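> Return a 3D structure for these sequence lines:
(4 chains)
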There are 2 protein chains.
Amino acid sequence: MNEILAPPSPARTLAEQVYEALKADLLAGLLPAGAPLLTRDLLDRYGCGVSPLREALARLVGEGMLEATGHRGVRAPTPSVADVEDVYRIRIALEREALTLAMAHGDDSWEAAILAAAHRMERAPLPEPVPDKITAVSEWERRHRTFHASLIAAAPAPRLLRLIDKMVDQTERYRALRLARTEQGKLTRDIVTEHRALAEAVIRRDAIAPRLLAEHLAHTRDAVVAFLQG
Amino acid sequence: MNEILAPPSPARTLAEQVYEALKADLLAGLLPAGAPLLTRDLLDRYGCGVSPLREALARLVGEGMLEATGHRGVRAPTPSVADVEDVYRIRIALEREALTLAMAHGDDSWEAAILAAAHRMERAPLPEPVPDKITAVSEWERRHRTFHASLIAAAPAPRLLRLIDKMVDQTERYRALRLARTEQGKLTRDIVTEHRALAEAVIRRDAIAPRLLAEHLAHTRDAVVAFLQG
DNA sequence: CGTGTCAATATTTTCCAAAATCTTTTTTAG
DNA sequence: CTAAAAAAGATTTTGGAAAATATTGACACG
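Numbering: from 1, shown residues only, chains lettered A, B, ... in the order given. Down below sits the predicted model:
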């Protein structure tokens, strides 16, 4: 086997690892929002020196995942209804655009990937919402995200796709809320139907597909908002 | 005068200052794109220690302004036609959304601010394009940016506005190209007309305003693309 | 009892040198 | 002479101690 062909840069730096761990914890809601994050605690939690930690934090600040203030450290922004609406508005605008592009450029293998992702999602059991408890990311959720990514994967617009990924990350913070507080039976039927209709419309290049996607996202947003307010 | 009412956090950290200087230099095209940025040079240029510099770099990486690779430092991404189209596509989608929102929520003082910004822009002399030379940001350009910001300022969506600001930053990198390579006479007339029509449509809440804005941005994009290809 | 000042403490930020990694040059083997 | 291996040099990355700033608590004063 030729080693030259191996990925040229598996040399992950400590700061990157801390960045990823921190981001994952942030998205999972494992770090308190609103209150400042104590350097000492984080140092302890991720077992590294000051430099890698601060670099990871700075990068997350750049991504808008954390807020930094003068000499007062960083903190995770507190969730709010207005923020949910803000984020979903951006997601809808961007994903519409990306889907339109993908439908214009996608080829056979793109279509196949969508069908495969849809099938994998349908076969995974829907996660059971447990009140007041932070549960791990379920297999269904992972596949759900993969499905949505597959829809727009054919868009020749790297920045757009990266940006969407970042916005999806932001909505992940509300993950625990997403499936909760709804009648289980009705919910699952709607979700499965919505996704299937969406995938089919996309593949047959139906012009209503972007609108279906926008409506799908709006429904999710409404569910999250309803939960936050209830 | 009550000192308490002063901004609570004027305590700017060194890393923040370096971040701002670095970002400004990047947008002005003063740092070589494509090639890795040497730590030693930057340390020298901004006159600070390793930590603040690295923090500033990490933050810019988070913002997508720089690319980082393993143990091989950071570099400014090289401009390309595909990237211009990518960025403008995002800008158009987001600014359309923001303008629609602003038109729904804007009040009298918002309208007044638009008119004021438009007037200030019209009164500033258009910048003279100088071939193959990096010129400082002109007064007209500053006012032009302010005008565009004023259009969407009334949108109650802080994230959306921040994101747009970031995308405008990205297009700033192509600033030097924006007004170049066009007949001066024709150019000025079109630009002035486009802006005036846009401002008026926005204020009278004409539903075509978002489309006008999209077309205006598309024109700018086409000019930049034409320049890059010519 | 409230209020402002000052010291004590805690936390963040910065510098700097050691460690790790990458790049270039030199050496060695085929 | 070519290609792999080793060494030397340059650059990035990291840990920890010192400096700067913010926060808390004690104390004096009105």
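
> So what touches stretch A:33-51?
A:14-15, A:18, A:21-22, A:31, A:53, A:57, A:66, A:72-79, B:51, B:54 (CB atoms under 8 Å, 6 or more residues apart in numbering or on different chains). (Each C-beta comes from the backbone N, C-alpha and C, glycine too.)

> Could I have the buried ones of the residues you listed as ChimeraX selection syntax?
Only the buried entries of the contacts of stretch A:33-51 go into this ChimeraX selection, using 16 or more other CB atoms under 10 Å in any protein chain shown:
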select /A:14,15,18,22,31,53,57,66,73,74,75,76,79 /B:54
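
> Tell me where the longest helix sits in chain A.
Ranked by number of residues, the top helix in chain A under DSSP state H is helix A:81-105.

> Was I right to think A:Glu95 contacts A:Leu212?
No. Assessed by CB atoms under 8 Å, A:Glu95 is found out of contact with A:Leu212, at 11.2 Å.

> ok, the two, which is more surrounded?
A:Glu95 (25 against 19; other CB atoms under 10 Å in any protein chain shown).

> Distance of the more buried one relative to DNA strand D?
Counting by CB to the nearest atom of the strand, to the nearest Å, the separation of A:Glu95 from DNA strand D is 33 Å.

> got a list of what the residue of chain A found nearest chain B touches?
Distances between chain A and chain B by CB to the nearest CB are smallest at A:Gly62, namely 2.3 Å. Contact partners of A:Gly62, counting by CB under 8 Å, 6+ apart, are B:Ala58, B:Arg59, B:Leu60, B:Val61, B:Gly62, B:Glu63.

> okay, now A:Trp110: neighbour count?
Neighbourhood size, A:Trp110 [other CB under 10 Å]: 19.

> no no, A:Ala214
Quick note: A:Ala214 (other CB under 10 Å) scores 17 neighbours.

> and if you look at A:Ala11?
By the criterion of other CB under 10 Å, A:Ala11 has 11 neighbours.

> A:Asp107 too?
A:Asp107 has 8 neighbours, counted by other CB under 10 Å.

> hmm, back to that, now restrict the contacts of A:Gly62 to buried residues only.
The buried subset of those - by 16+ other CB under 10 Å - is B:Ala58, B:Arg59, B:Leu60, B:Val61, B:Gly62, B:Glu63.

> Just the ones in helices from the contacts of stretch A:33-51, please.
Cross-referencing the contacts of stretch A:33-51 against helices under DSSP H gives A:Leu14, A:Ala15, A:Val18, A:Ala21, A:Leu22, A:Leu53, A:Leu57, B:Ser51, B:Arg54.

> The contacts of stretch A:33-51 also near DNA strand C: which ones?
With CB under 7 Å from any atom of the strand as the criterion, the contacts of stretch A:33-51 include A:Arg72, A:Gly73, A:Val74, B:Ser51 near DNA strand C.

> Those: which ones sit near DNA strand D?
A:Arg72, B:Ser51.

> how about the ones next to DNA strand C among the contacts of stretch A:33-51, which pair is most distant?
By the measure CB to CB, A:Arg72 and B:Ser51 form the most distant pair in those, at 17.6 Å.

> what about A:Val192, distance to DNA strand C?
In this view, A:Val192 and DNA strand C are 45 Å apart by CB to the nearest atom of the strand.

> repeat for A:Ala58
Distance, A:Ala58 to DNA strand C, by CB to the nearest atom of the strand: 9 Å.

> Surely that residue is in contact with B:Leu60?
No. The pair A:Ala58 / B:Leu60 is not scored as a contact, 9.0 Å apart, by CB under 8 Å.

> Touching both of these two, which residues are there?
Listed contacts common to A:Ala58 and B:Leu60 are nil; contacts here mean CB under 8 Å, 6+ apart.

> where along chain A do the helices fall?
Counting by DSSP H, one finds helices in chain A at the ranges A:14-27, A:39-46, A:50-62, A:81-105, A:108-123, A:139-152, A:158-172, A:175-178, A:184-203, A:209-229.

> Just send those back as CSV, with mean pLDDT and distance to B:Leu26 too.
Listed next are the helices of chain A as CSV, based on pLDDT from 0 to 100; distance: least, CB to CB, whole Å:
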stretch, mean pLDDT, distance to B:Leu26
helix A:14-27, 97, 21
helix A:39-46, 98, 28
helix A:50-62, 98, 13
helix A:81-105, 98, 24
helix A:108-123, 97, 35
helix A:139-152, 96, 29
helix A:158-172, 96, 16
helix A:175-178, 64, 35
helix A:184-203, 83, 38
helix A:209-229, 93, 33
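
> For these, give me TSV that also has distance to B:His219.
TSV is the format used below for the helices of chain A (distance: least, CB to CB, whole Å):
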stretch	distance to B:His219
helix A:14-27	39
helix A:39-46	48
helix A:50-62	31
helix A:81-105	19
helix A:108-123	31
helix A:139-152	27
helix A:158-172	20
helix A:175-178	41
helix A:184-203	31
helix A:209-229	24
